[in-house]
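> Structure, please.
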Amino acid sequence: MALIRTLRGHTPQFGPGIFLAETAVVIGDVVMGAHCSVWYNAVVRGDVNNIRIGDRVNVQDGAVLHCTYQKCGLRIGNDVSIGHNAIVHGCTVEDKVLIGMGAIVMDEVVIGTGSVIAAGAVVTQRTMVPPGSLMAGVPARRIGAVSKDLSEGEIERIARNYQLYASWFTDDRA
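Alright, predicted model coming up:
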């Protein structure tokens, strides 16, 4: 069973149809919407500020979601995929965004709707990512627009697939 911990008077809240892997950790002031999944060794740590997560968000294995004390909470929109070992910290991620494996997104960043943050990219503090942007590199730079093929073939496909994968785990427990 996942570690779900109340801290400083805040107990994580979950919408319907979520999947929390046995080694997932969710702590403190976290509100997660419907049909989300938090995978193995992922940490969603609302100990120093609040974390708000929309619907159909997948937080993949080893990812860390955190914030900055008295400064930056974390906002994640709907239909967002956060790749394996990504770090998403004190920022705003709008709807239909893919954050690639091992990417780092720092405080006060805003990632516009329909964007892709490439694997291994580092989005530095206060960067404003325009909607529909493809960002890559260290530090991350806009290398183009997200095409319809990339949007449908990756952003939407991965978000959909993670709902399917979660169903395999929840159906097996019934």
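> per-residue confidence at residue 1?
pLDDT for residue 1: 89.
> gap between it and residue 82?
Computed as CB to CB, to the nearest Å, the residue 1 to residue 82 distance reads 22 Å. Just so you know, the C-beta spots here come from the backbone N, C-alpha and C atoms, and that holds for glycine as well.
> More neighbours: the two, which one.
residue 82 (31 against 8; other CB atoms under 10 Å).
> Need the phi and psi values for that one.
phi -110, psi 110 (degrees, to the nearest 10).
> do residue 154 as well
phi -120, psi -60.
> close enough to count as contact, it and residue 117?
No. The criterion here is CB atoms under 8 Å, and residue 154 misses it with residue 117 at 11.6 Å.
> Who has more neighbours out of these two?
residue 117 (28 against 16).
> quick one: the more buried one and residue 13, what's the gap?
Distance from residue 117 to residue 13, by CB to CB: 27 Å.
> For the lengthiest helix in the chain, which helices and strands make contact with it?
When the chain is parsed with DSSP state H, its longest helix is helix 157-173. In terms of contacts (3 or more CB pairs under 8 Å, 6 or more residues apart in numbering; DSSP states H and E), helix 157-173 is packed against strand 19-20, strand 37-38, strand 58-59, strand 81-82.
> got a list of contacts for it?
The contact list for helix 157-173, computed with CB atoms under 8 Å, 6 or more residues apart in numbering, reads 18-19, 21, 35, 37, 56, 58, 60, 79-81, 96, 98.
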